[in-house]
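Trainee: model this:
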Amino acid sequence: MAPSTISIVIFSLFLFSSYSDAQTTPSKKPEAFSFPIKKDATTNQYYTNIQFGSNSTKLNVVIDLGGNFLWFNSEDYLNAASTFRPILCGTRKCRIAEAIGCTFCFLKPAQPGCTNNTCSDYSLNPFSGTSGYSGLGEDTLRLRSARGGDAYAVDNFPFQYAHDALLGDLAGPALGVIALGRTRISLQAQLASAFKIREKFTLCVPPAGGDGNLIVGGTAYSKPFEEISKSVLTTRLVRNPVGSSGGDVIGNFSREYYIDVKSIKVGSKTLSLNKTLLSINKKDGSGGTTIRTVRHYTGLQRSLYRVLVKEFAEAAASMNITRVANVAPFGACFDSKTVLSSKMGPQVPTIDLVLEKKSVYWRFYGSNSMVKVSNDVICLAFVEGAINLSGPTTSIEVGGYQMENHLLEFDVASSKLGFSSSLLLHDTSCSKFGAS
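Mentor: As a prediction, this is how the structure comes out:
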């Protein structure tokens with residue numbers, strides 16, 4: 001369910017050619033690193049802040065769970081890019097990046113975005129669908145340890161200096177996208193390689209106006225999150241043998257994180273669904289369930305969505321909740337005066353994504369299932385998903401709104417996802433999450 005792609009292409013020679021372990025200058029071995037998360041109220045995008053390059057340029061970058069690599073466009077960085085180095089074609093670094101081509105650009109003096117014989121690939125703006133083909137390079141990423149806030153640096157962190165046309169539709173403060181996808185040049189993969197820490201990250205995204213945190217690596221959490229983490233449910237992270245891009249082929253695994261949803265429940269009722277849509281089609285990569293920070297509301301394939309809306313509306317009616325006219329893009333809206341409130345948000349039927357066992361389910365209460373659209377109207381915060389015009393269409397994409405105030409542990413090394421119940425049940429929120 002991705003938007004169509006408009007490509008900004010620099011002349012290229014295609015070859016299948018890629019990234020070595022990042023070099024570091026640590027004072028002592030860290031366990032994990034911390035990145036603050038904000039939510040942009042206008043675009044509903046989640047972003048963090050990094051420091052990059054010789055002058056430690058501060059960059060706000062949107063978090064993409066399915067992204068390939070870091071990309072950005074910043075004049076402040078460009079004007080002081082003295083430590084930038086292109087990744088040359090045919091090198092081990094280029095092979096690790098699994099880049100698709102080689103760029104030739106003869107601008108003198110060379111600068112990020114225009115260097116000769118450079119390993120190249122497409123960057124993607126996941127909101128506008130715009131992609132840009134350009135060379136990959138490396139420079140210094142500066143970061144802080146999750147415990148103690150000690151300063152560290154990765155001297156050859158891979159990235160792409162992208163065309164400014166890719167910035168369209170990004171959150172106002174953002175100048176690029178940082179990738180957490182299942183690649184060897186994503187943030188967690190590079191930090192795991194550089195510091196010999198576990199390839200794992202914990203995500204706690206906030207609602208608008210709040211703060212969240214991303215912790216890369218393994219470390220003890222602050223109270224009460226250490227106790228909460230002991231009771232998380234775990235499920236397998238499954239692989240889709242086909243990527244989400246139209247150019248991907250079978251065997252070129254998707255970078256996105258899939259979970260194996262077996263059924264959906266509204267309250268105590270299991271929905272009658274076309275179960276084939278819940279599984280990944282091994283031939284074309286369609287179907288299945290992904291987790292996407294770049295989708296705000298969870299989107300479902302049309303037939304799945306219609307069943308969910310019907311059953312939710314019936315369950316709400318049984319609670320004397322009055323349905324009102326729909327407000328786009330939502331398929332079920334209600335009179336908020338007929339809905340009671342609790343610490344879990346509006347008191348409405350719960351929605352469960354049931355995984356490999358009936359005892360393993362991701363439950364959404366009103367705080368994550370309902371959205372206020374006016375003083376008198378709240379709507380079911382699930383939408384009909386779009387068709388992916390450039391590749392296989394995923395049946396369910398779990399969006400950021402449903403992730404808010406949940407603790408999500410992506411253990412990439414063991415292909416497992418740990419997820420907590422809503423933090424509101426524990427009288428806390430993502431704004432308090434951190435390392436101990």
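Trainee: Find the centremost residue of the protein, please.
Mentor: The chain has Leu65 as the residue nearest its centroid, 2.4 Å off, counting by CA atoms, centre = their mean.
Trainee: Contact partners for it?
Mentor: Residues near Leu65 by CB atoms under 8 Å, 6 or more residues apart in numbering: 180-181, 203, 256-257, 291-294. From N, CA and C alone the C-beta is placed, and that goes for glycine too.
Trainee: ok, the closest residue in space to Gly243 that isn't next to it in sequence to Ile280 distance?
Mentor: In space, Gly243 comes closest to Ser254 once its chain neighbours are excluded; the distance is 4.7 Å by CB to CB, 6 or more residues apart in numbering. As judged by CB to CB, to the nearest Å, Ser254 and Ile280 stand 9 Å apart.
Trainee: Determine the residues that are contacts of both of those two.
Mentor: Shared contacts of Ser254 and Ile280, defined by CB under 8 Å, 6+ apart, are found at 240-241.
Trainee: Which two among the contacts of Leu65 are spaced furthest apart?
Mentor: Greatest spatial distance in the contacts of Leu65: Leu203 and Glu256, 14.2 Å, computed using CB to CB.
Trainee: The two: which is more packed in?
Mentor: Set Leu203 next to Glu256 and count neighbours by other CB atoms under 10 Å: Leu203 wins out with 27 against 23.
Trainee: bridging residues for that one?
Mentor: With DSSP bridges as the criterion, Leu203 is bridged to Leu214, Leu408.
Trainee: my guess is it meets Glu404, correct?
Mentor: No: judged on CB atoms under 8 Å, Leu203 makes no contact with Glu404 at a distance of 10.6 Å.
Trainee: Could you point out which residue ranges in the stretch 51-200 of the chain have low pLDDT?
Mentor: Low-confidence segments of the stretch 51-200 of the chain, defined by pLDDT under 70, are absent.
Trainee: And the strands in it?
Mentor: Remark: strands assigned in the stretch 51-200 of the chain by DSSP state E, counting those that start in this stretch are 57-64, 70-72, 85-86, 101-103, 118-124, 130-144, 151-161, 176-179, 200-204.
Trainee: so how far is Asp64 from Asp121?
Mentor: Distance of Asp121 to Asp64, computed by CB to CB: 15 Å.
Trainee: about what we covered before: what's the separation between the residue nearest to Gly243 and Gly345?
Mentor: Ser254 is 32 Å from Gly345, by CB to CB.
Trainee: what about these two, which has more around it?
Mentor: Neighbour count, other CB under 10 Å: between Ser254 and Gly345, Ser254 has more, with 25 against 21.
Trainee: in a strand, that's where the more buried one is, yeah?
Mentor: No: per DSSP: H, G, I helix; E, B strand; the rest coil, Ser254 lies outside any strand segment and is coil.
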